[in-house]
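Q: Please work out how this folds:
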Amino acid sequence: MKLASLKNGRRDGALHVVDRNLKRAVPATEIATLQMAIDDWAHAEPILQVLSQRLNDGQLDGTVAFDQQTCLSPLPRAFQWADGSAYVNHVALVRQARKAELPDSFWTDPLMYQGGSDGFLAPHDPIPLIDPSWGGDFEAEVAVVTGDVPLGASAEVTAAQIRLVMLVNDVSLRGLIPGELAKGFGFFQSKPASAFSPVAVTPDELGAAWDGKRLHRPLRSTLNGALFGCPDAGTDMTFDFPTLIAHAAKTRALCAGTIIGSGTVSNRDADGGPGKLVSEGGRGYSCIAERRMVETIATGAAVTPFLGKGDRVRIEMLDEAGASIFGTIDQTVA
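A: Down below sits the predicted model:
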């Protein structure tokens, strides 16, 4: 099933079940918000699944036209948002561009940071950028929402706690990152509010594209109408979602409604080298920084500029029939 939180003047929105074609929706009147559903999933899921089935079968009255512009992020705020860096290819390019060795541990121990989760951007909200010199960038990623995860849970245990899957634009301020990391205390100012896809879907809705650990579909990013990247989210994902969740739960229990991100989706080229531009027959990139890294490696200098006022970013994933799975993150830089 597909779930959305529609704007209703309240901070957490109103939970709606959305049909597979993203055309119609029905309010889940028994369950006011998505967080309430996640908190009591054993009770809420069967109710929502019945609504979803009847909605898709055309058996419900009181449905409304589904308008993605009325959506908040599925969880407009969350108890926890932790973003991994599951695609080591992305990290390797960062290091290579600045001629730094990649530690061997990066292939066995995931990177992860804890982002701000007290308020997310809606999927069609502008991206606020106070100062262009901060190097605004988008990062197209996949994310999952968990149920309660016990302290020290193994990947086998965490796999069963994946409740929902969605997309995310993890907005980054590249110009602020080096100074923050140099302090040795991690990201804060360089990671402003992120935006999530209009709908979150249950894993069963993804069919064969979801193998229980990874989502095997291309993730499309466009910048100002031009295709920027379409890497496959299931390819080159060094650390799968159960592994990322287990990493987060190593020293703390995770509350139901925790969001875990994949990090920037990144594929190597077929010849094993850095990814190529879409215009050169490659899969492109899921963020501007990676494209700049490849330019630096190839020519010694980055050419592609970071985001500026008026730039438009769209992030979407299509199924095999070409239909949108999660709806579209569609944001313009303000």
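
Q: now for the lowest-mean-pLDDT helix or strand in the chain, which elements pack on it?
A: In the chain, no helix or strand scores lower on mean pLDDT, DSSP states H and E than helix 88-97, which sits at a mean of 79. Packed against helix 88-97 by the contact rule (3 or more CB pairs under 8 Å, 6 or more residues apart in numbering; DSSP states H and E) you find helix 288-299. Any C-beta I mention is one placed from the backbone N, CA and C, and that applies to glycine too.

Q: what's the angle from the helix it packs on to helix 88-97?
A: 50 degrees (axes from the mean of the first three to the mean of the last three CA atoms, to 10 degrees).

Q: Who are the packing partners of helix 288-299?
A: helix 88-97.

Q: Show me which positions of stretch 51-58 end up buried.
A: By neighbour count on 16 or more other CB atoms under 10 Å, the buried set for stretch 51-58 is Leu51, Ser52, Leu55, Asn56.

Q: now the strands: where do they sit in the stretch 151-300 of the chain?
A: For the stretch 151-300 of the chain, applying DSSP state E, counting those that start in this stretch gives strands covering 162-169, 172-173, 195-196, 200-201, 219-223, 226-229, 259-261.

Q: Just name the most buried of these.
A: Counting by mean count of other CB atoms under 10 Å, strand 195-196 has the highest mean neighbour count of these, with a mean of 29.

Q: Could you tell me how far that strand lies from the centre of the chain?
A: Offset of strand 195-196 from its chain centre (CA atoms, centre = their mean, to the nearest Å): 7 Å.

Q: And stretch 33-44, by the same measure?
A: Put simply, stretch 33-44 sits 21 Å off its chain's centre (CA atoms, centre = their mean).

Q: can you tell me the distance between the two ends of that stretch?
A: Its first and final residues considered, stretch 33-44 spans 11 Å by CA to CA, to the nearest Å.

Q: Name the surrounding residues that touch that stretch.
A: For stretch 33-44, the external contacting residues (CB atoms under 8 Å, 6 or more residues apart in numbering) are 3, 5, 12-15, 28, 31, 45, 48, 74-75, 78, 145, 147, 163-164, 200, 256-257.

Q: if I look at Ala334, how far off is Thr222?
A: 18 Å (CB to CB, to the nearest Å).

Q: Pro123 now?
A: 14 Å.

Q: Rebuild the strands of the stretch 151-300 of the chain as JSON lines, extending it with mean pLDDT and distance to Trp107.
A: Below are these laid out as JSON lines (pLDDT from 0 to 100; distance: least, CB to CB, whole Å):
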{"stretch": "strand 162-169", "mean pLDDT": "98", "distance to Trp107": "23"}
{"stretch": "strand 172-173", "mean pLDDT": "97", "distance to Trp107": "23"}
{"stretch": "strand 195-196", "mean pLDDT": "98", "distance to Trp107": "29"}
{"stretch": "strand 200-201", "mean pLDDT": "98", "distance to Trp107": "30"}
{"stretch": "strand 219-223", "mean pLDDT": "98", "distance to Trp107": "22"}
{"stretch": "strand 226-229", "mean pLDDT": "98", "distance to Trp107": "23"}
{"stretch": "strand 259-261", "mean pLDDT": "98", "distance to Trp107": "19"}
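
Q: looking at these, which is closest to Trp134?
A: In terms of CB to CB, the element of those nearest to Trp134 is strand 172-173, at 4.2 Å.

Q: helices or strands up against that closest one?
A: strand 136-137.

Q: any idea which helix or strand comes after the strand it packs on?
A: Toward the C-terminus, strand 136-137 is succeeded by strand 140-146 as the next helix or strand (DSSP states H and E).

Q: which residues are contacting that following strand?
A: The contact list for strand 140-146, computed with CB under 8 Å, 6+ apart, reads 38, 74-75, 78, 83, 158, 161-170, 196, 200, 215, 219, 221, 229, 233, 241, 245, 254, 256-265, 286-287, 315.

Q: Now do the helices in the protein.
A: 34-39, 41-56, 88-97, 155-159, 177-182, 241-248, 288-299 (DSSP state H).
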